[in-house]
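Chemist: show me how the following folds:
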Amino acid sequence: MVVLLDFVSLLVLLNSACSTVLGEMESPIVNLTLDPRKRILSWNSRRTVTQQTCTIAIPLDSDTSQEPQVGNNDTYFCSFPNAVLHRGATLTVNATSEGQEFSEELAFNNSGKEGSGAQNLSCVIYNIRLMNCSWTRGPAAPADVRYQLYTWTSLHGNVSECSHYILDSAGTRVGCHFDELGEGRTTDDYFFLVNGTSSNTDIPFLDFPSVNGPRLEKYNPPANLTVENNVSHFVIRWDAPAMRYSLSNSVLCYALDIQKTGSSSKREPVFLSRQYKNEYRLPSSDVRGEHTVRMRVQHVRFQIWSEWSSARCFGVPEKNFLAASIGLAVGAAVLFGMALMFLCKRLSLKKKLFPPIPRVKQELAGSFLASLEEWHLQRPHFRSKHPCAHPGWML
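Modeler: Residues are numbered from 1 along each chain as shown. Below you'll find the predicted structure:
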């Protein structure tokens with residue numbers, strides 16, 4: 001009996017020891033790090049794993065999970081290119097090794113005084129190769145805050161700091177001007193980050209998801225705006241703006257602002273998209289008095305309008321309408337008179353070329369007929385028996 005109890009105790013001790021060893025097995029996940037610029041989470045695995053997933057949790061956003069990619073030297077990584085890290089993030093890696101599940105967590109904090117970082121960053125590309133960015137100073141920023149803007153066009157591209165900062169009245173950097181962007185490609189994805197420094201406190205950074213280049217472009221207004229009247233319509237034509245990126249003109253949306261000069265009522269703009277002829281026909285019956293037209297343009301899917309073009313005038317001012325009508329009437333009368341004179345001249349020329357055949361004067365014709373009648377009365381008469389003889393003539 002004692003031997004049996006000793007054997008049972010030994011089994012309990014062995015089982016407890018095995019559980020302790022398994023419970024204390026080291027995680028295969030080591031060197032868990034985050035590159036905040038590239039938004040890449042990477043780690044190493046020190047032994048074989050059968051399954052792994054990585055997850056990023058950001059305040060105010062839904063969690064994003066994916067399976068890692070394999071790099072060199074047992075390195076794994078997950079990329080979160082659209083993650084916004086300035087609100088902080090929690091990144092987690094789950095792995096299965098030798099039948100056990102392991103989890104490692106990395107907390108990323110955007111340290112600094114709350115409300116001291118830059119806010120409301122916006123950027124726009126214009127004139128093909130130029131770009132302006134602007135932001136506002138944080139309400140809790142110290143007086144000596146100094147902001148820096150960094151940009152790059154791919155996750156692994158070179159980072160460039162702004163070289164021409166724009167200052168406000170207090171000397172704080174609140175914008176940046178880029179003189180030369182180089183050749184544009186439709187695959188350009190712009191990344192922006194604004195951080196800051198101060199001698200008094202840490203300044204949190206501000207970042208954004210990547211933005212595709214065409215989404216940032218502000219076009220110049222439509223050029224060569226003209227208006228022609230073909231009696232039935234006023235034909236408005238224009239040239240499409242030059243674009244940084246190789247896109248079809250069919251992606252452009254135009255707004256035409258047509259207003260009557262001096263009128264207090266305003267017409268709603270006319271919106272045109274998918275245009276290939278760059279032409280709009282306005283019925284002449286809709287135009288009474290002098291009007292103006294101006295235009296602007298944007299991409300059909302983005303919300304950056306160009307500036308308005310210069311206005312063009314068309315139509316006849318109402319105060320000149322009566323004078324114009326009288327002028328038209330006088331012009332029509334003159335044309336009619338000229339046509340009448342032309343016809344008269346043509347008839348005169350016809351008489352000269354084809355004079356009329358001379359006729360016997362009436363006096364001579366009367367004398368001849370009288371002599372003929374006297375001769376007829378004096379000659380002997382014989383009545384004709386021909387049934388078709390004319391009753392007024394005797395042969």
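Chemist: element containing A339?
Modeler: helix 321-353 (DSSP states H and E).
Chemist: how far away is the closest residue in space to P209 that isn't next to it in sequence from S169?
Modeler: Using CB to CB, 6 or more residues apart in numbering and skipping residues adjacent in sequence, the residue nearest P209 is N82, 4.2 Å away. Bear in mind the C-beta positions are built from the backbone N, C-alpha and C, glycine included. Applying CB to CB, to the nearest Å, the value for N82 to S169 is 36 Å.
Chemist: just H291 next, same as before
Modeler: With distances taken as CB to CB, H291 is found 43 Å from S169.
Chemist: more neighbours, those two?
Modeler: Set side by side, H291 and S169 show more neighbours around H291, with 23 against 6, by other CB atoms under 10 Å.
Chemist: state the distance from the more buried one to T201.
Modeler: H291 sits at a distance of 59 Å from T201 (criterion: CB to CB).
Chemist: which stretches in the stretch 151-300 of the chain count as strands?
Modeler: According to DSSP state E, counting those that start in this stretch, the stretch 151-300 of the chain carries its strands in the segments 160-161, 165-167, 173-178, 189-197, 203-207, 211-212, 223-229, 233-239, 252-260, 270-273, 279-283, 291-299.
Chemist: so the fifth one versus strand 189-197, what angle?
Modeler: Taking axes from the mean of the first three to the mean of the last three CA atoms, to 10 degrees, one finds that strand 203-207 is oriented at 170 degrees with respect to strand 189-197.
Chemist: what residues of strand 203-207 count as buried?
Modeler: 203-207 (16 or more other CB atoms under 10 Å).
Chemist: and for the fourth one?
Modeler: Of the residues in strand 189-197, those buried under the neighbour-count criterion (16+ other CB under 10 Å) are 189-196.
Chemist: contacting residues around that strand?
Modeler: Residues outside strand 189-197 that contact it (CB atoms under 8 Å, 6 or more residues apart in numbering): 37, 112, 116-118, 121, 123, 133, 135, 141, 145-155, 203-208, 210-213, 216.
Chemist: and V194, bridged to which residues?
Modeler: Beta-bridge pairing for V194 (DSSP bridges): L149, L206.
Chemist: would you mind measuring from it to L106?
Modeler: V194 is 24 Å from L106, where distance means CB to CB.
Chemist: residues in contact with T33?
Modeler: T33 neighbours (CB under 8 Å, 6+ apart): 41-43, 106.
Chemist: do that again at 6 Å, thanks
Modeler: Each residue near T33 by CB atoms under 6 Å, 6 or more residues apart in numbering is listed here: S42.
Chemist: can you put the buried residues of strand 189-197 in CSV and add distance to I304?
Modeler: Output for these, formatted as CSV (distance: CB to CB, whole Å):
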residue, distance to I304
D189, 17
Y190, 14
F191, 19
F192, 16
L193, 22
V194, 20
N195, 26
G196, 27
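Chemist: for R237, state which of those residues is nearest.
Modeler: Lowest distance from R237 to these (CB to CB) belongs to Y190, with 34.7 Å.
Chemist: what about that closest one, distance to S154?
Modeler: On the measure of CB to CB, Y190 and S154 end up 9 Å apart.
Chemist: so M131 is in which element?
Modeler: For M131, the element it lies in under DSSP H and E is strand 130-136.
Chemist: can I get that strand as CSV, trimmed to CA atoms?
Modeler: Only the C-alpha atoms of strand 130-136 are listed here, as CSV (Å, rounded to 0.1, in the frame of the first residue of the first chain):
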residue,chain,number,x,y,z
LEU,A,130,4.5,73.1,-57.7
MET,A,131,3.0,72.2,-54.3
ASN,A,132,1.9,74.1,-51.2
CYS,A,133,1.1,72.6,-47.8
SER,A,134,-0.4,74.4,-44.9
TRP,A,135,-1.3,73.6,-41.3
THR,A,136,-2.4,75.5,-38.1
